[in-house]
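Peer 1: Predicted coordinates and the sequence they were generated for:
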Amino acid sequence: AQSVAQPEDQVNVAEGNPLTVKCTYSVSGNPYLFWYVQYPNRGLQFLLKYITGDNLVKGSYGFEAEFNKSQTSFHLKKPSALVSDSALYFCAVSGGGNKLTFGTGTQLKVEL
Amino acid sequence: EAGVAQSPRYKIIEKRQSVAFWCNPISGHATLYWYQQILGQGPKLLIQFQNNGVVDDSQLPKDRFSAERLKGVDSTLKIQPAKLEDSAVYLCASSLELGAEEKLFFGSGTQLSVL
């Protein structure tokens, strides 16, 4: 069975500082990894994905994620956080069965 | 490009009543998904369609939940009878094709409260 762990329920960061939202995964075979963001009263929006190739993946709104196979991690990063980045972030993994499994989410709060 | 449309936006019912949700995916998207998101948890896949056929319904509580996708476009999800633990946001999503690498486009969801 595939699974995703997001160890932090909430991450607080000051605007302008770098941010990291952590994710580790477990899956049989090659992983397909995703990050989605959810703003209040809205559906999830795709940020980025890792399929194969370069371990550093760039996505929307200046976000990027680093795939680390040995640590089975896929942490989300941004060099300089904005207040507008405050939202709920979900990591997800898809194995060979085309079934997307989500983590429990990390609430990101960016303060002035 | 129009997104995934869902209705109603909110629904409040009493336990043992029935309820139905509707979803219209992005035009041309072959794959449609229904997810259940309970407060404080990540979305959980209930059922996945490829055109009008079911690909995966292993996590659908079939004694009370049913879903259909007639003509391979719109879909409805029904709960009959509802239980308190069914209170959640029901998200519909679609993707262009069926594949582990495909990104999903989500609707805004239907928030269900069962009293």
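Peer 2: Structure received.
Peer 1: CA only for contacts and neighbour counts going forward, please
Peer 2: Will do.
Peer 1: and the helix or strand in which B:Ala93 is found, anywhere near chain A?
Peer 2: In the assignment (DSSP states H and E), B:Ala93 maps to strand B:88-95. Yes - if you take C-alpha under 8 Å from any C-alpha of the partner chain as the test, strand B:88-95 does meet chain A, through B:Leu91.
Peer 1: roughly how far out does that strand sit from the chain middle?
Peer 2: Taking C-alpha atoms, centre = their mean, to the nearest Å, the mean C-alpha location of strand B:88-95 is offset from the chain mean by 5 Å.
Peer 1: Listing partners with orientation, what would you give for it?
Peer 2: Looking at strand B:88-95 with DSSP bridges, its partner strands are strand B:31-37 (antiparallel), strand B:105-106 (antiparallel), strand B:110-114 (antiparallel).
Peer 1: Now distance to A:Gly16 too, for those, in TSV please.
Peer 2: Shown next, in TSV, are those (distance: least, C-alpha to C-alpha, whole Å):
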stretch	distance to A:Gly16
strand B:31-37	32
strand B:105-106	30
strand B:110-114	35
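Peer 1: okay if I get the ones you listed as a markdown table plus mean neighbour count?
Peer 2: Shown next, in a markdown table, are these (neighbours: other C-alpha atoms under 10 Å in any protein chain shown):
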| stretch | mean neighbour count |
| --- | --- |
| strand B:31-37 | 25 |
| strand B:105-106 | 24 |
| strand B:110-114 | 20 |
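Peer 1: pLDDT below threshold where in chain A?
Peer 2: Scanning chain A for pLDDT under 70 picks out A:96-98.
Peer 1: Do a quick rundown of the strands in it.
Peer 2: Along chain A, counting by DSSP state E, strands occupy A:3-5, A:10-14, A:19-21, A:24-26, A:32-38, A:44-50, A:56-58, A:64-68, A:73-78, A:87-94, A:100-102, A:106-111.
Peer 1: With chain B instead?
Peer 2: B:5-7, B:10-13, B:19-24, B:31-37, B:44-50, B:53-56, B:65-68, B:75-79, B:88-95, B:105-106, B:110-114.
Peer 1: Can you lay out those strands as a markdown table showing mean pLDDT?
Peer 2: As requested, the strands of chain B are exported to a markdown table (pLDDT from 0 to 100):
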| stretch | mean pLDDT |
| --- | --- |
| strand B:5-7 | 96 |
| strand B:10-13 | 97 |
| strand B:19-24 | 97 |
| strand B:31-37 | 95 |
| strand B:44-50 | 94 |
| strand B:53-56 | 92 |
| strand B:65-68 | 97 |
| strand B:75-79 | 98 |
| strand B:88-95 | 95 |
| strand B:105-106 | 94 |
| strand B:110-114 | 97 |
